[in-house]
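> Okay, here's the prediction I keep looking at, along with the sequence it came from:
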Amino acid sequence: MDRVKRRRKRPRRRIGIPKGMLQHITLDILRRGARSGVELMDEIEFYTDWRPSPGSVYPLLSKLEEQGLIEYVESDDPSLKRYALTKSGVQLLEEHRKFKPNLRSRYHSIQKIYWKLFEGMDEPLFETYLSFLKTIEKIHPLIKDNPEMSLRIREVLLEVSTKVEKVYNLLEKEK
């Protein structure tokens, strides 16, 4: 009788962040200040709506510490082990920033797949949507340190959002 090899089913990976991004996100968060593993998980969840498991975060922190990219720092709470970036970690982050256009392009590709393929959005509407996103990306660096202009842009966005919401409500009533 032939023996059939049973393959262990690998658990399906939940959609979260692209593979390899956890390290970059972790370093970027540590650029803003020292954090513990739990604080990192909380902050990653805040930014991405995905919470990495302790089994992902703590081995990564150990690896980054071994590589000299982060270091343990004393904190007011002795029960938390906090980490901060080293100079090498800051340098690596700066190197990562060179790939920002690639990340943006990948993001737009994922948007296109989602909206056009999965949701069936027509080309003119998708191009308008993409143009809107690109405009926000262009203006953000110009307004991020200008509270007055940031407020003006937020008001414009709120106005647009309100108008689109009204169209949505009309369509819902017609159902």
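Sure, I can see it.
> What does the pLDDT read for the residue positioned nearest the centre of the chain?
Nearest to the geometric centre of the chain sits Thr48, at 4.8 Å (Cα atoms, centre = their mean). pLDDT, the model's per-residue confidence, is 80 for Thr48.
> Please apply the same query to Ile153.
94.
> same thing with Asn102?
80.
> try Lys112
85.
> show me what contacts it?
Phe126, Leu130 (Cβ atoms under 8 Å, 6 or more residues apart in numbering). Using the backbone N, CA and C atoms, a C-beta is placed for each residue, glycine as well.
> just checking, next helix/strand downstream of the lowest-mean-pLDDT helix or strand in the chain?
The weakest-scoring helix or strand in the chain, judged by mean pLDDT, DSSP states H and E, is helix 100-112 (a mean of 80). Where DSSP states H and E defines the elements, the next helix or strand beyond helix 100-112 is helix 123-143.
> buried stuff in that following helix?
Buried residues in helix 123-143, counted by 16 or more other Cβ atoms under 10 Å: Phe126, Ile143.
> before we move on, what about stretch 113-121?
Trp115, Met121.
> Can you give the domain ranges for the protein?
21-97, 100-174 (automatic domain parsing).
> got the residue ranges for the helices in the protein?
Listed in chain order, the helices found in the chain under DSSP state H are 21-31, 37-48, 54-66, 87-97, 100-112, 123-143, 147-174.
> Report the angle between the second one and helix 54-66.
Using axes from the mean of the first three to the mean of the last three Cα atoms, to 10 degrees, the interaxial angle of helix 37-48 with respect to helix 54-66 works out to 110 degrees.
> and if you look at the last one?
Relative orientation of helix 147-174 versus helix 54-66 (the same axes, to 10 degrees): 160 degrees.
> Report how many residues lie close to the closest residue to Leu64 other than its chain neighbours.
Leaving aside its chain neighbours, Leu64 sits nearest to Ile70 (4.5 Å; criterion: Cβ to Cβ, 6 or more residues apart in numbering). Neighbours of Ile70 under the rule other Cβ atoms under 10 Å: 25.
> Tell me if I'm right that Thr86 and Gly68 touch.
Yes - between Thr86 and Gly68 there is a contact at 5.9 Å, judged by Cβ atoms under 8 Å.
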